[in-house]
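Engineer: Provide a 3D model corresponding to the input given below.
(3 chains)
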Amino acid sequence: MLSSYADTIPLTEAPILLEVRDVSVEFVSKQKGAPAARAVDHVSFALREGEMLGLVGESGCGKTTLMLSLMRLLPAAGRIVTGSIEFMGQDLLDLTESEMSEVRWRNISIIFQGAMNALNPVRTVGDQIAEALVRHGMAPTGKKSSAAGRVGDLLEMVGIGANRANQYPHQYSGGMRQRAMIAMALACNPQVVVADEPTTALDVMIQAQILELLDELRHKLGLSVILVTHDLGVVAEVCDTVLVMYGGVTAEYADVDTIFNDPQHPYTQQLLNAFPDLTRPTARLISIPGAPPRLDNLPPGCRFAPRCPQVFDRCHSEPPALHRLSDGHLASCHLVESR
Amino acid sequence: MTASTEITSIRGLSRTFSRSTMGMIGLILLLAAILMAVFAPQLAPYDPYAPVKVTIDDIYAPPSAQHLLGTDDAAKDVLSNFMYGSRVSLVVGFFAAFIAVAIGGTIGIVAGFWGGKMETGLMRFTDIMLVIPDLPLAIVIVAMTKPSLWNIIFIIGILGWTGTARLVRSQTLTVKERKFVTRARAVGAGNSYIVRRHILPLVLPLMVANTVLVISLAILSESTLAFLGLSDPTLVSWGQMLNYAFTRGAMSAGAWWALVPPGLGIVWVVLGCTLLGRGLEEVLNPRLETHHLAVGKRMIARSGVRGTAVADVETEEWQVL
Amino acid sequence: MLGSRYVLKKIGWAVLTILFVIVLNFFLFRILPGDPARSGVRDPRLTAQAVEAIRVRFGLDKPIINCFQSLNPVEVGDCFVNPMDTQFFIYARNLLQGELGISYHSNRPVADLLLERLWNTVLLVGMGQILSIIIGIVIGVIAAWKVRTSVDYGALIGGLVAWSLPTFWLGIILLMMGSRHFDLPIGGKITPGATYANAWEQVLDVGRHMILPTLTFTIVFVGEYLLIMRSTMVDVLSEDYVLTAKAKGLNNYQILRNHALRNSMLPMVTIIALNLGFTVAGAIQIEAVFSWPGLGQTIFEAVNRRDYPVLQGAFLIIAVAVVFANLIADLLYSYLDPRVRAA
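Structural biologist: Residues are numbered from 1 along each chain as shown, chains lettered A, B, ... in the order given. Next comes the predicted model:
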């Protein structure tokens, strides 16, 4: 008998750091009476110490919403309607707003996509890193100036000269800005780093460098990382476990080898077909015919049914349950049952 | 763009507009003012242009059954003046705004569509005109010419186009890059054809919304000029009523009825135009009125925590983990 | 370090705009029918000698500019006259020497007349601007922060109504209420015939006279500034870096102070500068209502006396002041925004 959802994927014996259990997120509609759109529907996963989890899916499948829920940074219309998010045994959803603000960046930090906009254009990069240090009491005298040494070390660590701390974001190249964001994310020695499509809008060479840096740093610092991406090639390179999301639900969840060698969900299989060469990280976007479902207009049965090549009658009427296979991996597809 | 999609889109727009409280209030205010102006001869108890025999008691007479809003410095009925006065405001507002938007729209489309030196020159000129203060210039020009209705319309019109020019130019620049415009160009369509068939239909809605806002500015300018003594002496207008009342002792006579109604009239029409214009802009260019600090107090609205239901494929047992 | 190219470019534009204003000011009034000196010359009561004397005194015997003897009616003239001996260059030379012509009404130099009143306008506009900008920003920030709540809707409606008020009418209403119920002076800058024991008493008297005009100014412009600040602030607070700041654990107050205010002040500086024309319009109306002895009241009086040289001079001074203020705003912008600074 399994005691925890996380045990379904017994990849390592490392203790569980973050456990997301049955989280659903809805967006309430602006118009009165209109039903709320469910962006994330009963999703669970676990993150162990030192592990990198790949969160994969097309745009609009709820990846970013799920990550924002971890930090309780949902936009005004967002509601977490079910579930719990346990960090080191503490349910983050039970904390007060000010307790939560202590956890942010100190324990869980996030690297947003598009670093140009994620950095304030009118303040220096060093100043913005120092701000995080001061906030969490990691500047020796509590003043920004006293954090200069640490800011310099952080920038050096990501391959930016300490002397560039006084420059503004527009003086950095795109890749450097993303490195600066990584330095900022690591400033307070967090246990978990969420990297939300950290390489979007960068050219292929720089993408590879950034991912390499991220992978190197997580081994060096023993970080746990959640890498949000739509690029399975990237996941193959650096991740330990993979959660594939489709239309707000878990499509498949397993360790990386299982996902690549024995994918059960037709969606995962199609994603893999889009990447014939898995040893090479590629910038190509996933190309599966059709588009993901609109959250306010979900199909009644399986959400992937309209695009699924192996679809049959039952898929259109009955949403599939999450099934656990003998090798421990989870997939939500009617086909799994008959195997 | 086919005719049918245009019609449905206009229908869609009007449906969205009808949901904008602000826009609807503005529309109602403006329509009511227009009705009053059109039917002023039927509605007004007296004719402001008919001569009256004046006795001393009739000057600044307080509101009474004969004169619901009292009389002014010339013993005229304030309510009748008020009703007729709306005509000048609306006529000046509409025509001056039409001139301003026609000039600004032309400059904006030409600059945005043709680009190059033409654009640089026109926009530099627009920037210079934008900086030059309108009202002092209008005062000088009106004072030196005759302050007739049409002079005032013309002067407010040719001084009020700068904002429209900038707005229309940026909209034209966006539209120009659309697929069907580049395609039309590739097929060899002429410039004037592209402007007429493709650019104008997409710039026009924004120009209409802008016109309504320019009307409110024009009405404010007209009433200010009139208050300063620059109005057509043959026509009753709200600004002129205020000028006469203010300079001819309404204040010391305590005749608030001569001072309050014309001002409220201006606020009524200007507010109507402003609300309508903003409502239209909102429909055409919807902005997400929210931001990262506007967090709902109810972000965490859990109806309870349960585990994830997982069906074991081999044992066919359900587990809640 | 200010980007010197940016600064030079902005100064160049300001100079060009002022030149344009000068040319406009000259030619517009030579083309329009109500040309000051010409209409004076046409006065049938004047003798032929008097007419000639006026023509020489105002330089009307000279051609307007090379090739044109007169513009209304158009009269082609000699193209090879000495440019310095044409009306335009005489006008320009006089301008450089600070001469703006002679007032018809008081027979005094327009420049003196306007300059002695300029400071009163600056005092009133400065006071009103500072108050309305501060209050407008504070209300605008609060409305943006509480976007789509009753606080926000209240500010929005209040702002729109204030914006729609004709300035002069609001002045009249406040004047009626203030003088009747609060015993405030009905106009002017000082109490007529008052003698002061010391400077402090004089300041108090001027202050009492300033309450109502400043209040009028503030109400009208708070409406405008709060609407602009609100929408600018909503835009800034939707930026990704605000989400980053929140993810860093900063609270709302820290985010507003450290990230949102400075960034939203950038567009505000430009908009405030571009609105200076409206500011001037507001000042003219307020001074007319409260008999505040500034440029606006001078304009009001000059309109009623058809004192054209004063009107033209006032327009020129106001236009130059507005262009200059815009230049300052541009330079301030470059100081506030590192992206421009580096350019």
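Engineer: for the stretch 101-250 of chain A, what spans make up the strands?
Structural biologist: Here the stretch 101-250 of chain A has its strands, by DSSP state E, counting those that start in this stretch, at A:108-111, A:192-196, A:224-229, A:241-246, A:249-255.
Engineer: Save those strands as CSV, and put in mean pLDDT too.
Structural biologist: Output for the strands of the stretch 101-250 of chain A, formatted as CSV (pLDDT from 0 to 100):
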stretch, mean pLDDT
strand A:108-111, 94
strand A:192-196, 94
strand A:224-229, 94
strand A:241-246, 92
strand A:249-255, 90
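Engineer: Show me which residues of the stretch 151-300 of chain A are close to chain C?
Structural biologist: A:168, A:170-171, A:184 (CB under 8 Å from any CB of the partner chain). For the C-beta atoms, the positions are set from N, CA and C on the backbone; glycine is no exception.
Engineer: helices and strands of the chain: which one has the lowest mean pLDDT?
Structural biologist: Reading this off chain A. None of the helices or strands of chain A scores lower by mean pLDDT, DSSP states H and E than helix A:115-118, at a mean of 77.
Engineer: Oops, wrong one, chain C.
Structural biologist: helix C:36-41 (a mean of 54).
Engineer: C-terminal to that one, what's the next element?
Structural biologist: helix C:48-57 (DSSP states H and E).
Engineer: Beyond that next one, next helix or strand please.
Structural biologist: Counting by DSSP H and E, what follows helix C:48-57 is strand C:68-71.
Engineer: Next SSE downstream of that following strand?
Structural biologist: strand C:74-76.
Engineer: related to what we said a few turns ago, list the ones among the residues of the stretch 151-300 of chain A next to chain C that fall in helices.
Structural biologist: A:Met184 (DSSP state H).
Engineer: Would you mind writing the PyMOL command to select the buried ones in the residues of the stretch 151-300 of chain A next to chain C?
Structural biologist: A single PyMOL command selects the buried members of those (16 or more other CB atoms under 10 Å in any protein chain shown):
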select buried, chain A and resi 168+184
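Engineer: show me the contacts for whatever residue of the stretch 201-339 of chain A ends up closest to chain C.
Structural biologist: Ranked by CB to the nearest CB, the top residue of the stretch 201-339 of chain A for proximity to chain C is A:Ala201, at 12.4 Å. Applying CB atoms under 8 Å, 6 or more residues apart in numbering or on different chains, we find A:Ala201 in contact with A:113-114, A:116, A:174.
Engineer: which two from the residues you listed end up farthest apart in space?
Structural biologist: Based on CB to CB, the longest span within the contacts of A:Ala201 runs between A:Gln113 and A:Gly174 and measures 11.9 Å.
Engineer: in stretch C:154-162, what counts as buried?
Structural biologist: For stretch C:154-162, using 16+ other CB under 10 Å, the buried residues are C:155-156, C:158-162.
Engineer: Need the contact partners of that stretch.
Structural biologist: Against stretch C:154-162 from outside (CB under 8 Å, 6+ apart): B:267, B:271, B:274-275, B:278, C:139-140, C:142-143, C:219-220, C:222-224, C:226-227, C:230.
Engineer: Among those residues, which lie within helices?
Structural biologist: Those of the contacts of stretch C:154-162 lying in helices (DSSP H): B:267, B:271, B:274-275, B:278, C:139-140, C:142-143, C:219-220, C:222-224, C:226-227, C:230.
Engineer: Can you flag the buried ones in those residues?
Structural biologist: Here the buried ones among those, as counted with 16+ other CB under 10 Å, turn out to be B:267, B:271, B:274-275, B:278, C:139-140, C:142-143, C:219-220, C:222-224, C:226-227, C:230.
Engineer: Does the one helix or strand A:Val336 maps to reach chain B?
Structural biologist: Per DSSP H and E: A:Val336 is located in helix A:334-338. Yes - Helix A:334-338 lies within reach of chain B by CB under 8 Å from any CB, at A:336-337.
Engineer: Sort out which residues of that helix are buried, please.
Structural biologist: Buried residues in helix A:334-338 (16+ other CB under 10 Å): A:334-336.
Engineer: swap in stretch A:102-122?
Structural biologist: A:103-115, A:117-122.
Engineer: so how far is that stretch off the chain centroid?
Structural biologist: Computed by CA atoms, centre = their mean, to the nearest Å, the chain-centroid distance of stretch A:102-122 equals 14 Å.
Engineer: Count the neighbours of A:Asp153 for me.
Structural biologist: 12 (other CB atoms under 10 Å in any protein chain shown).
Engineer: I should have written B:Ile155 there, sorry.
Structural biologist: Residues near B:Ile155, counting by other CB under 10 Å: 25.
Engineer: same check, this time on B:Phe180
Structural biologist: Neighbour tally, B:Phe180, other CB under 10 Å: 13.
Engineer: Surely it and B:Arg197 touch.
Structural biologist: No - counting by CB atoms under 8 Å, B:Phe180 does not reach B:Arg197; the two are 9.5 Å apart.
Engineer: what is in contact with those two at once?
Structural biologist: With CB under 8 Å, 6+ apart, B:Phe180 and B:Arg197 have no common neighbours.
Engineer: quick one: low-confidence parts of the stretch 51-200 of chain C?
Structural biologist: C:54-55, C:57-58, C:72 (pLDDT under 70).
Engineer: Which residue does it have closest to chain A?
Structural biologist: C:Arg148 (7.9 Å).
Engineer: ok now do that residue, which residues does it touch?
Structural biologist: C:Arg148 touches A:76, B:289-290, B:294, counting by CB under 8 Å, 6+ apart.
Engineer: Do a quick rundown of the helices in the stretch 101-250 of chain A.
Structural biologist: Assigned by DSSP state H, counting those that start in this stretch, the stretch 101-250 of chain A shows helices spanning A:115-118, A:125-135, A:148-157, A:174-186, A:204-221, A:232-238.
Engineer: how about the most centrally placed residue in chain C, secondary structure?
Structural biologist: By CA atoms, centre = their mean, the mean C-alpha position of chain C lies nearest to C:Val280, the distance being 3.1 Å. For C:Val280, the assignment made with DSSP: H, G, I helix; E, B strand; the rest coil gives helix.
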